[in-house]
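Asker: turn this into a structure:
(chains A and B)
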There are 2 protein chains.
Amino acid sequence: MTPRELAKANLENLYRIFTVPEAPDSTLGRVDQAITDNVTGFLQEHIVALEHSLEDIEEDFDDPCIPEEPTFVSEYSAFVKEKLVAQSVHTAAPGFIGHMTSALPYFMLPLSRIMTALNQNLVKVETSKAFTPMERQVLAMLHRLVYEQDDSFYRKYIHDSEHALGAFCSGGTIANVTALWTARNKLCGPDGEFRGIAREGMGAALRHLGCEGLAVLVSRRGHYSLGKAADLLGLGRDNLVLVDTDDRNRIDLDALQRKIDQLQGEKIRPLALVGIAGTTETGNVDPLEALADIAAEVGCHFHVDAAWGGPTLFSDKNRHLLQGIERADSVTLDAHKQLYVPMGAGMVVFKDPAALAAIEHHAAYILRHGSKDLGSHTLEGSRPGKSMLVHAGLSIIGRKGYELLIDLGIARARQMAEKIKGHPDFELITEPELNILTYRYNPSWVQTALETADADQAERINRLLDQITRLVQKVQRETGKSFVSRTRLRVPRYGVTVLTVFRVVLANPLTTDEILDAVLQEQLAIVERDEIRQLIQELNETFNPFHGKNGECC
Amino acid sequence: MTPRELAKANLENLYRIFTVPEAPDSTLGRVDQAITDNVTGFLQEHIVALEHSLEDIEEDFDDPCIPEEPTFVSEYSAFVKEKLVAQSVHTAAPGFIGHMTSALPYFMLPLSRIMTALNQNLVKVETSKAFTPMERQVLAMLHRLVYEQDDSFYRKYIHDSEHALGAFCSGGTIANVTALWTARNKLCGPDGEFRGIAREGMGAALRHLGCEGLAVLVSRRGHYSLGKAADLLGLGRDNLVLVDTDDRNRIDLDALQRKIDQLQGEKIRPLALVGIAGTTETGNVDPLEALADIAAEVGCHFHVDAAWGGPTLFSDKNRHLLQGIERADSVTLDAHKQLYVPMGAGMVVFKDPAALAAIEHHAAYILRHGSKDLGSHTLEGSRPGKSMLVHAGLSIIGRKGYELLIDLGIARARQMAEKIKGHPDFELITEPELNILTYRYNPSWVQTALETADADQAERINRLLDQITRLVQKVQRETGKSFVSRTRLRVPRYGVTVLTVFRVVLANPLTTDEILDAVLQEQLAIVERDEIRQLIQELNETFNPFHGKNGECC
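Answerer: Reported below is the predicted structural model:
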């Protein structure tokens, strides 16, 4: 071929990838069809259960060079199937009860494809048209779920370019950041000569307010995104004040009051009080009514992080657990958690439709004043039309469908808690309030011994139990049949010591009673392994100083 | 049915949506198949060309109530097809040359479905396994594209848990924020008694540094996300110092130096200098080498926003336009722009693999110290596996494929510029340097008259031309056959006045020469409409004071 012919051939090949669909009998076409026909079967068949080490997997992804020449789609698809899909995590498996990602309703897949094919950009009306009112409707629906304003309120604000009922985000972290950013800018808004923190920055704002710093208060169970927000917003992580919790992982109101008094003495002004509706680690809900009262008294923003527990509001039976949430100035909700939408969808709603004006911004080519461009009050710029999948979930599953899902999860968590309490060698660490619980393997004789152990002895026992928990969790994960996660918690009945525990999240409706039994049985089998028997032997020696390996009594 | 039977039936229906796929002959199944077979045909057939008013569309999305009862998937799918898809924007259409969203390669759709079905969460290895090394590889590939370090560098850092070559984000805005957040925290890092801005906040940091504020410098063409970042990070928008540009929309180096000197006098410390590699509005590239020198001299972070122009590095012929980018401390790249990945994928890469330590964070249940969890240095928390689609693009299209796409776009922009210059009634406002240009309709006799017009007269003429541009753009958009965007620019040859102009982005490989002709012809036809003829009549009157409607001369 002449260079001219070659260039022409290359261009034609390039056009092909934009214009010629994969043939149904191609590798990618067949994978696509398999997922369409039966995603559960596809995942079961293609994800390898037994875990490879991360180091082994890394070998398939260690070339930093972008290939010079194009690769056939078929060749690449085979690679994806064998190297990426095979070694991914089966998040939809009903025995994987360790994280907040669950099975997806079937309709989410074809609807996601429509969304991807349309490739709308929600930053502005010009690149999203109907997606803009659709997203505003979704935000109104969630706003109404939380705040229950009347029809005239929503008629007025739902599509009003001068107001916003919330912001759609890529996830709960950006939602929490958006809430605190808004609260910060409102507290430090323009006032006389001071043009506001958005214009003049944090240094000038502190001088204007005459204080040393701005603080956010939340319980020790607060999500780590709040620490990121405190850093990002220039507050400083030291000004994210972590308040102790009671024996049910809820913020201790007396401790909170003491912290507030202390801040006053330090000339640090409370910017926001954050209540948690479903802590990430234990699923507990702060006393939101009481927090609303305190925030009102202090005169600060009241934010509720309901990323996990928000959808509990769908349930007639359980809604009361979140009482007081309607008094929050802002509420974070994650759609990719209990709204069963694919990863990458969060929201923050604001009680006051004018609140987001505090972070409003404009540009010459988009987001013009008076436009309905959603981008004028989102932290992110260009964004996909993920809200369409929330719209689909709310429409197809409906309030009652979500209620069933929520009630099912909470009931399932109680069942599992009963199983754990009923077994002599397990110890329930935190009772489920919503659908999350924590526990550990702790042989009955150790439990008995712990009751009378002195502090030193208890410490040694708990450290050994921590090791057992870590090991059991690791082996179970690597075996790939089921999965629980683990975390570290301060548990009041054990004093200040921090325990390593199993953490279970029950949000997958396909998780049956039998699966829960199997998870526990598998753990009891793992405990019989040599390396863990050895740790139990060490536990035993803790009570028999003459055989103590530390030798301090010999 | 008894209540018990009803409850059972409801539960069974609920299980069905998680376990039974859409039938191929269902409404959703048919839509899905149509997109699979021929997405171009599907979009052409289902997106209505003629624009409905936003107010009309809003009527379909004005119910703030979440439906109580479930809806049939078929019913909902029909709604989506008729109300959402029909009224969305045909971003992939080759005549839609007004925004940065283009057609997608076919393979992106089935691969997106795999990604959605797997529903991985990249915040941690436990919920993403192979996706974690895959994403690190993608970041290494882009890092290498920019910084061209040697093999041993990448062997060392690509999968090293203690380092990160960059962060994957939902888009360029979060990428820019991440870059400036990192720069801020590095400049204000722990030092003696001072525990760093991340811990102590902005107030303490300014006291420690002994300055009044921290500034970010960028040209007037800087993306609006930088203003958001300045607000968010507590710098204040006033400390985003906008530097004038030269007649090619590049930062004016003398003006920059003056601003730097001025900041020194105000005790404001330059935190970062931002160079733009492809301005959003005009596609120009700042003199990056010179900016690197100045940043080195000032001792501040040098960030390059290459969200648009970064992929120019693929092109042997055009790479030189970005010379100096390899000296940047950080570089933003958007994959949903010129990497042809669906919406929602951006990246920031850092020259120094230790840089992101400045924003590192951990939590008890994930992101543990020493883990390879990607979430320990991303602004976002839970994130989808979008990097898989970047991996696919780089692998399948290859360096040479992207080179073709880039060269094609730049050549096409030059062709269009020639067409505009060749037509007496169009005025090219900014020459394309990459693949973006701006122009306006400006009848030849007005162009001639403007050459001798006095300031007042020129002002009046330009305001009328602005109105014409706005109107033509609106009518063309509403007609739905083609689309150019518009923006407002200060154009040196017109002094300080700001002009409204058409903006064209040529990144869709399916945009042909004939389509460009058609876009211009359509605009010339729109100009013949009464409402625009009237404005042209007014223009005419501007030169004939005895017919002036302002009456000041009568």
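
Asker: so how far is residue A:81 from residue A:30?
Answerer: The spacing between residue A:30 and residue A:81, counted by C-beta to C-beta, to the nearest Å, is 10 Å. For glycine as for every other residue, the C-beta is placed from the backbone atoms N, C-alpha and C.

Asker: SS state for the one residue in the stretch 451-554 of chain A that gets nearest to chain B?
Answerer: Chain B sits closest to residue A:487 of the stretch 451-554 of chain A, with a gap of 3.6 Å, by C-beta to the nearest C-beta. When classified by DSSP: H, G, I helix; E, B strand; the rest coil, residue A:487 comes out as strand.

Asker: can I get the CA coordinates of the helix or strand of chain A with the lowest mean pLDDT in PDB?
Answerer: Every helix and strand in chain A was compared by mean pLDDT, DSSP states H and E; the lowest is helix A:3-19, with a mean of 88. The C-alpha coordinates for helix A:3-19 follow below in PDB (Å, rounded to 0.1, in the frame of the first residue of the first chain):
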ATOM      1  CA  PRO A   3       1.200   5.900   2.400                       C
ATOM      2  CA  ARG A   4      -1.900   7.500   1.000                       C
ATOM      3  CA  GLU A   5      -3.700   4.200   0.800                       C
ATOM      4  CA  LEU A   6      -2.500   3.200   4.200                       C
ATOM      5  CA  ALA A   7      -3.800   6.500   5.700                       C
ATOM      6  CA  LYS A   8      -7.200   5.900   4.000                       C
ATOM      7  CA  ALA A   9      -7.400   2.300   5.300                       C
ATOM      8  CA  ASN A  10      -6.500   3.500   8.900                       C
ATOM      9  CA  LEU A  11      -9.200   6.200   8.700                       C
ATOM     10  CA  GLU A  12     -11.800   3.600   7.500                       C
ATOM     11  CA  ASN A  13     -10.900   1.300  10.300                       C
ATOM     12  CA  LEU A  14     -11.400   4.200  12.700                       C
ATOM     13  CA  TYR A  15     -14.800   5.100  11.300                       C
ATOM     14  CA  ARG A  16     -15.800   1.400  11.700                       C
ATOM     15  CA  ILE A  17     -15.400   1.500  15.500                       C
ATOM     16  CA  PHE A  18     -17.800   4.500  15.600                       C
ATOM     17  CA  THR A  19     -20.300   3.100  13.100                       C
END
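
Asker: against which helices or strands is that helix packed?
Answerer: helix B:387-422 (3 or more C-beta pairs under 8 Å, 6 or more residues apart in numbering or on different chains; DSSP states H and E).

Asker: the helix it packs on versus helix A:3-19: what angle between them?
Answerer: 120 degrees (axes from the mean of the first three to the mean of the last three C-alpha atoms, to 10 degrees).

Asker: how far away is residue A:178 from residue A:307?
Answerer: To residue A:307, residue A:178 is 13 Å away according to C-beta to C-beta.

Asker: confirm residue A:445 sits in a helix?
Answerer: Yes - with three-state DSSP as the criterion, residue A:445 is assigned to a helix.

Asker: tell me the contacts of it?
Answerer: Not one residue lies near residue A:445 by C-beta atoms under 8 Å, 6 or more residues apart in numbering or on different chains.

Asker: please repeat the previous calculation with a cut-off of 10 Å.
Answerer: By C-beta atoms under 10 Å, 6 or more residues apart in numbering or on different chains, residue A:445 lies in contact with A:424, A:425, A:536, A:539, A:540, A:543.

Asker: now the last one, nearest residue through space, not along the chain?
Answerer: Nearest-residue entry for residue A:543: residue A:449, 5.7 Å, with adjacent residues in sequence omitted and distances by C-beta to C-beta, 6 or more residues apart in numbering or on different chains.

Asker: which phi and psi does the one you found have?
Answerer: Here is the backbone geometry of residue A:449 (degrees, to the nearest 10): phi -60, psi -40.

Asker: where in the stretch 151-300 of chain A is pLDDT low?
Answerer: For the stretch 151-300 of chain A, no stretch has pLDDT under 70.

Asker: who's in contact with the residue lying farthest from the centre of chain A?
Answerer: The centre of chain A is farthest from one residue, residue A:2, which by C-alpha atoms, centre = their mean lies 56.7 Å away. Residue A:2 sits next to residue A:8 when contact means C-beta under 10 Å, 6+ apart.

Asker: cool, residue A:257 as well?
Answerer: Per C-beta under 10 Å, 6+ apart, neighbours of residue A:257: A:243, A:294, A:297, A:298.
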